[in-house]
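> Have a look; sequence and predicted model below, questions after that.
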Amino acid sequence: MKITSAAAVLLSVGFLGNLSLADSEGIIKYRKNVMKTNAGHMGAIMDILKNHLPLETHVVDHARSINQNSKMILSMFPKGSDFGDTKAKPAIWKNWSKFETASKAFVRESATLAKVAESGDMKAFAKQVRATGKTCGGCHKHFKERE
């Protein structure tokens, strides 16, 4: 049986409302893995573009994956997941509306990234990669502790 993305988000919000330490560790590990996949997809796109690899058709799948992941971000930061092995800054929960705005910008730019990738215009795609990357960096600047 397949659960739709919307149902999964609703279920996760319901289950993650009050997190224990164990739950917090689980969600933190999960969101780290999802964020690593975003970095992996963006890195693969950059490899294709910078190295002129004959894999331009792959950028569509990478861009779609980034866009799918972007839609899950808000649900991966429930209240109570701000302690433990995380680089998430308390600013996420203290200024949720700003975090929500930043997350929505990433959703918007990554949707455009997928659409431009589908067009096959690699020059426009490279430009959109930069725009999408800025939303990643902007969020990290305000909401993620530096390494």
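Perfect, I can see it now.
> For Ala88, what are phi and psi?
Per-residue torsions, Ala88: phi -70, psi 130 (degrees, to the nearest 10).
> quick one, what contacts it?
Ile28, Phe77, Ser81, Asp82, Phe143, Lys144, Glu145 (C-beta atoms under 8 Å, 6 or more residues apart in numbering). Every C-beta, even on glycine, is put in place using the N, C-alpha and C of the backbone.
> Also Ser24?
Gly80, Ser81, Asp82, Phe83, Gly84.
> how far out from the middle of the chain is the longest helix seen in the chain?
Longest helix in the chain by number of residues, with DSSP state H as the criterion: helix 21-50. The chain centre lies 7 Å from the centre of helix 21-50; the measure is C-alpha atoms, centre = their mean, to the nearest Å.
> and Ala102, how far is that from Ala126?
For Ala102, the distance to Ala126 equals 23 Å [C-beta to C-beta, to the nearest Å].
> returning to what we had before: are any of the contacts of Ser24 buried, and which?
Gly80, Ser81, Asp82, Gly84 (16 or more other C-beta atoms under 10 Å).
> Now secondary structure too, for these, in a markdown table please.
Formatted as a markdown table, the buried ones among the contacts of Ser24 follow (DSSP: H, G, I helix; E, B strand; the rest coil):
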| residue | secondary structure |
| --- | --- |
| Gly80 | coil |
| Ser81 | coil |
| Asp82 | coil |
| Gly84 | coil |
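> Give me the below-cutoff pLDDT ranges for this protein.
1-22 (pLDDT under 70).
> which residue is nearest the middle of it?
Ser70 (3.9 Å; C-alpha atoms, centre = their mean).
> Return the residues in contact with that residue.
Asn38, Ser103, Phe106, Val107, Ser110, Ala111.
> Apply 7 Å and report the result again.
Residues near Ser70 by C-beta atoms under 7 Å, 6 or more residues apart in numbering: Phe106, Val107, Ser110.
> Now the buried members of the contacts of Ala88.
If we count by 16+ other C-beta under 10 Å, these have these buried: Ile28, Phe77, Ser81, Asp82, Phe143, Lys144.
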